[in-house]
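>>> Here's a sequence, model it:
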Amino acid sequence: MKPIIPVVIAVIHKDNKLLLTERRGMDEDDKQFGRIWHFPGGALEFGEDMRGALKREIKEELNIDIQIDSQLPQVYSAVRQYWHGILIPHLCRVDGSNEIQLNEESYRYGWFTREEIYQLNKLPFVQNMSDNAFTAIQR
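Numbers count the residues shown, from 1 in each chain. This next block holds a predicted model:
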């Protein structure tokens, strides 16, 4: 039996833009999703709470600290050949002044407006997550 993995996602906002990273295909199941834009995040480890896992993942991937504002209203299920993730997005802000330094999981990053995100080659659910984030930001 293959496990279902809870994955926390950071939808980081600043100046009415969202941070996305262009990912690398890291393993066999991932190759079709390389060189595609997504929100950073990762799997919960045993015993972690979601907020702790999200802060750890963003520190590992971007070398920044984040402030978690809220969980976004929709949870997603993504199934690939060898992986099934339950994606739990959170609206976040950068906490502090560290410069972003990407680890080996991404080629580059960018800050994008809602309109720019529509034009990106992105993972499924990114558009819906970003729309929910922009709605929450404008409240």
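>>> Any figure for the gap between residue 52 and residue 8?
The gap separating residue 52 from residue 8 is 9 Å, by Cβ to Cβ, to the nearest Å. Yep, even glycine has a C-beta here, placed from its N, CA and C like the rest.
>>> need the contact list for residue 85.
Listed by Cβ atoms under 8 Å, 6 or more residues apart in numbering, the contact set of residue 85 reads 4, 5, 6, 7, 43, 77, 78.
>>> Show me how to select, in PyMOL, the buried members of those.
Buried residues within the contacts of residue 85, by 16 or more other Cβ atoms under 10 Å, are selected in PyMOL with:
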select buried, resi 7
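>>> want to throw the contacts of residue 85 into a markdown table with secondary structure?
Converted to a markdown table, those look like this (DSSP: H, G, I helix; E, B strand; the rest coil):
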| residue | secondary structure |
| --- | --- |
| 4 | strand |
| 5 | strand |
| 6 | strand |
| 7 | strand |
| 43 | strand |
| 77 | strand |
| 78 | strand |
